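# what shape does this take:
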Amino acid sequence: MTWPSSRSATLRTDERARPMSGVTPDDARRRWPLSRIVGVAVLALLLFSVGFVPTVLLPQATERHVRGERTRYALAMCVGILFAISIAGLIALKFFGIVLLHALAGHAFDAAEPLLMPYSIAMMFLATSTVLGSYGIATHRIAFAAPLIVGAAGTLLAIVLAHASLMQVVNVIAVGNALTAVAVAAALGWQALHGHRAATSSPG
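Predicted structure coming up:
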């Protein structure tokens, strides 16, 4: 007489454990490693692609510079690739940032979701400075060094002065990296223009 009631109680317990989506906690635990692998793979692909750009730029720019050819096309191509990858990553974070965060760290760090976009923007500009610095080294234009050092020091000083919250720190890093990238680009452009004028005005 007691077996049907205990069985029905067990069935009711199982029904409560199974959500409307039909995925039980055990199913979620089994699927978690796969989602984490996918998230890490996507993030690794973006980081590898961005980090690979300077490796492509450096030999191309060096070879063209040694042969006396224009190097700006190699720079434009690499910067274009960098921004294309970065913008694709930012769009993915905009719409699927919380999904990627869950895949990488679970639900324990949901509060960090607002930091994903500004931090990614900061890293995009940092990668831009890295590409421009690689170009400067390849073409023997070292004017980028001064604004790069000043920008890094200024960003650190700004963090010391403005660190009321983690969001504020990340925003300071993003603005500092953006200004540094612009300053590095301006310095390289000025040196290239000055060198071209000197070459055209020299006798012979």
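
# what is the three-state secondary structure of Glu69?
Following DSSP: H, G, I helix; E, B strand; the rest coil, we place Glu69 in the coil state.

# list phi and psi for it.
Reported as degrees, to the nearest 10, the phi and psi values for Glu69 are phi -90, psi 170.

# run a quick neighbour tally on it.
11 (other C-beta atoms under 10 Å). For every residue, glycine as well, the C-beta is placed using N, CA and C.

# same question for the one 5 residues further on.
Taking other C-beta under 10 Å as the neighbour definition, Ala74 ends up with a count of 23.

# Val170 now?
21.

# show me the helices in this protein, by range?
2-17, 25-66, 72-105, 116-138, 145-161, 166-201 (DSSP state H).

# and the fifth one, what does it pack onto?
Other elements packing on helix 145-161 under the criterion 3 or more C-beta pairs under 8 Å, 6 or more residues apart in numbering; DSSP states H and E are helix 116-138, helix 166-201.

# circling back to that earlier point, worst mean pLDDT among the helices of the chain?
Of all the helices of the chain, helix 2-17 carries the lowest average pLDDT, namely a mean of 47.

# got the helices and strands packed on helix 145-161 as a markdown table, with distance to Leu157 columns?
Shown next, in a markdown table, are the helices and strands packed on helix 145-161 (distance: least, C-beta to C-beta, whole Å):
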| stretch | distance to Leu157 |
| --- | --- |
| helix 116-138 | 16 |
| helix 166-201 | 9 |
